[in-house]
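> Okay, predicted coordinates and the sequence, questions at the end:
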Amino acid sequence: MANVDTTSSSRQPAAAPQAPRIGPTVDFATLLGVSGAFAMIAGAMVLGGQPSAFLDIPAVLIVIGGTFLVTTVSFSLTEIGQSQGLMLRAAVYNSESPDNAVLQALYLADLARKRGRLALQNVTDDLIGVPFLHRAITLVVDGLPAEEVERILSQESQATYDRHLRSAGVLRRAGEVAPAMGLIGTLIGLVQMLGNLDDPSAIGPAMAVALLTTFYGAVLANMVFTPLATKLERNARIELAVRQIYTIGAASISRQENPRRLELLLNTVLAPRERVDYFS
């Protein structure tokens with residue numbers, strides 16, 4: 001955020017707030033968990049001596065293709081496409097924290113208190129990287145009533161939260177379908193094996209399909225789809241909390257309330273260990 005000269009003010013805040021983190025931030029927890037789990041499985045395959053035995057094209061088609069198509073039955077193509085894009089949010093996403101959002105809201109409220117709401121025009125360009133906060137401050141600068149600002153921002157926040165939950169639901173549904181497709185593949189392989197008992201050369205490939213489909217389904221469900229769905233739900237809750245903080249801050253600025261009151265109000269949203277002391 002651009003530095004704003006406040007030397008003319010008789011009172012300075014105890015600490016300047018940190019600027020919002022603009023742009024995606026790598027989530028090392030997700031990367032470490034997923035890559036580490038797959039590395040361990042790959043290591044077990046290599047140590048077993050025949051890693052190529054775990055690759056079977058029919059099993060891949062049954063589990064991956066079947067999971068995608070069956071999941072599509074439960075949702076629209078648009079929702080499926082959105083979920084695929086949001087899968088990256090589990091590893092790369094805007095990780096602004098609620099306490100950082102509180103500092104930003106208090107910074108802007110203090111600036112508006114000292115220099116008036118129109119002074120916020122000087123910092124709106126620096127908030128483009130945080131679209132929701134940029135819209136919130138733009139509404140305040142435009143002079144909309146506090147109730148209208150709060151209504152618009154709350155509706156947008158809830159709509160975004162609902163979209164993210166739907167995308168997480170797609171992944172969770174895929175996590176339910178993948179083991180079922182693995183079981184279907186197992187049954188296909190067993191039927192093929194029993195139908196070719198008189199041909200020993202056909203028993204091996206059929207057994208491979210039977211076992212590997214179950215393996216693929218378990219891996220996709222428990223190492224990809226379900227963990228990513230849980231992470232997306234967590235990220236959606238954090239983003240909703242951040243947007244609620246910005247909504248409360250924008251409405252308070254619009255009402256021209258004392259920033260100290262806003263600090264007390266916003267700290268009730270945060271966990272005790274995250275609460276800020278901006279005006280001490």
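Okay, I see it. Since the structure is predicted, the reported quantities are computational estimates derived from the model, not experimental observations. Residues are numbered from 1 along each chain as shown.
> Roughly how far does Ala42 sit from Ser35?
10 Å (CB to CB, to the nearest Å). (C-beta placed from N, C-alpha, C; glycine too.)
> Repeat that for Leu47.
Taking CB to CB, one finds Leu47 at 18 Å from Ser35.
> for Leu197, what are its contacts?
Going by CB atoms under 8 Å, 6 or more residues apart in numbering, Leu197 touches Ile203.
> what secondary structure does it sit in?
coil (DSSP: H, G, I helix; E, B strand; the rest coil).
> State the mean pLDDT of stretch 246-260.
Mean per-residue pLDDT for stretch 246-260: 92.
> typo on my end, stretch 180-200
Mean predicted confidence for stretch 180-200 is 85.
> What of stretch 218-229?
The average of the pLDDT scores along stretch 218-229 is 92.
> contacts for that stretch?
30, 33-34, 37-38, 41, 63-64, 67, 87, 90, 168-169, 171-172, 174-176, 178-179, 182.
> The same query, at a cut-off of 10 Å, please.
For stretch 218-229, the external contacting residues (CB atoms under 10 Å, 6 or more residues apart in numbering) are 30, 33-34, 37-38, 41, 63-64, 67, 71, 83, 86-91, 165, 167-182.
> swap in stretch 150-166?
So stretch 150-166 is contacted by 75-76, 78-79, 82-83, 86, 89, 132-133, 135-136, 139, 144-145, 172, 229, 232-233, 235-237, 239-244, 246-252, 254-255 (CB under 10 Å, 6+ apart).
> Buried ones among those?
Among these, those buried by neighbour count (16 or more other CB atoms under 10 Å) are 75, 79, 82-83, 86, 89, 132-133, 135-136, 139, 144, 172, 229, 232-233, 235-236, 239-244, 246-252, 254-255.
> Give me the buried subset of the contacts of stretch 218-229.
For these, a burial check counting by 16+ other CB under 10 Å picks out 30, 33-34, 63, 67, 71, 83, 86-87, 89-91, 165, 167-175, 177-179, 181-182.
> Just the residues you listed: which are in helices?
Mapping the buried ones among the contacts of stretch 218-229 onto helices (DSSP state H) picks out 30, 33-34, 67, 71, 83, 86, 165, 167-175, 177-179, 181-182.
> how many other residues sit next to Leu211?
Close neighbours of Leu211, defined as other CB atoms under 10 Å, add up to 19.
> can you check the one 10 residues further on too?
By the criterion of other CB under 10 Å, Ala221 has 23 neighbours.
> which SS state does it fall under?
helix.
> Okay, and the residue lying closest to Leu127 once chain neighbours are set aside sits in which element?
Nearest in space to Leu127, with sequence neighbours left out and distances taken as CB to CB, 6 or more residues apart in numbering, is His134 at 4.1 Å. Per DSSP states H and E, His134 falls inside helix 131-141.
> Please name every helix or strand in contact with that helix.
Applying 3 or more CB pairs under 10 Å, 6 or more residues apart in numbering; DSSP states H and E, one finds that helix 131-141 makes contact with helix 98-115, helix 121-124, helix 146-194, helix 226-255.
> Distance to Tyr278 for those - can I get that in JSON lines?
Formatted as JSON lines, the helices and strands packed on helix 131-141 follow (distance: least, CB to CB, whole Å):
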{"stretch": "helix 98-115", "distance to Tyr278": "5"}
{"stretch": "helix 121-124", "distance to Tyr278": "17"}
{"stretch": "helix 146-194", "distance to Tyr278": "21"}
{"stretch": "helix 226-255", "distance to Tyr278": "12"}
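> Which one, of those helices, ends up nearest to Leu212?
Among the helices and strands packed on helix 131-141, helix 146-194 comes nearest to Leu212, with 7.6 Å by CB to CB.
> could you give the angle of that closest one to helix 131-141?
Counting by axes from the mean of the first three to the mean of the last three CA atoms, to 10 degrees, helix 146-194 lies at 160 degrees to helix 131-141.
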